[in-house]
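> Give me a 3D structure for the following:
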Amino acid sequence: MDLVKYVQDKYITKKEFPEFKAGDTITVYTEIKEGNKTRTQFFKGTVIQLRGTGATKTFTIRKMSGDVGVERVFPINMPALQKIEVNRQGKVRRARIYYFRDLRGKKARIKDKSYAKK
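All right, here's what the predicted structure looks like:
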């Protein structure tokens, strides 16, 4: 295992992204290649889970598109990942909020961390 960690530390470039956790609403900007053109596409949603450590870390984001829930899994070291913005910090009591998939409407709201302190 030390050899794998050594190779990851030495040869995989690390990008600097802000800290976020489950319950936060973030916007992820990715670079999309269509033919010989490239464009930036964003995906804004709530973080459902963070999984893994180091170079193999991934995070799952969920958003509602109309009545359909859309989830995407992003590796933290994906070359097409340009930047991550933290829009809101949410207050949840779980590290993986899978129950969020079943909630609809007003029940699907997550409290802001700023209001939770009061």
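> Can you report how many residues lie near Lys21?
Lys21 has 14 neighbours, counted by other CB atoms under 10 Å. In this view, the C-beta of every residue, glycine as well, is placed from N, C-alpha and C.
> actually Lys5, not the one I typed
As a burial measure, Lys5 scores 12 neighbours (other CB under 10 Å).
> Is it in a helix, a strand, or coil?
Assigned with DSSP: H, G, I helix; E, B strand; the rest coil, Lys5 falls in the helix class.
> quick one: Val92 and Val7, what's the gap?
35 Å (CB to CB, to the nearest Å).
> quick one, which of those two is more surrounded?
Taking other CB under 10 Å, Val92 and Val7 do not tie; Val92 has more neighbours (19 against 11).
> Can you name the residues that contact that one?
Neighbour list for Val92: Ala22, Gly23, Ile110 [criterion: CB atoms under 8 Å, 6 or more residues apart in numbering].
> so how many other residues sit close to the first one?
A total of 21 residues lie near Ala22 under the criterion other CB under 10 Å.
> Assign Lys33 to helix, strand or coil.
Strictly by three-state DSSP, Lys33 counts as strand.
> Who are the contact partners of it?
No contacts exist for Lys33 under CB under 8 Å, 6+ apart.
> name the helices or strands packed onto the longest strand seen in the chain?
The single longest strand within the chain, with elements called by DSSP state E, is strand 37-51. Helices and strands touching strand 37-51, by 3 or more CB pairs under 8 Å, 6 or more residues apart in numbering; DSSP states H and E, are strand 25-34, strand 58-65, strand 68-75.
> for the second one, which positions count as buried?
For strand 58-65, the neighbour count (16 or more other CB atoms under 10 Å) marks Phe59, Thr60, Ile61, Arg62 as buried.
> now swap in the longest one and tell me
Using 16+ other CB under 10 Å as the burial criterion, the residues of strand 25-34 that qualify are Thr25, Ile26, Val28, Thr30.
> how about a markdown table for these, with distance to Asp2 and pLDDT added?
As requested, the buried residues of strand 25-34 are exported to a markdown table (distance: CB to CB, whole Å; pLDDT from 0 to 100):
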| residue | distance to Asp2 | pLDDT |
| --- | --- | --- |
| Thr25 | 38 | 94 |
| Ile26 | 33 | 95 |
| Val28 | 32 | 96 |
| Thr30 | 33 | 95 |
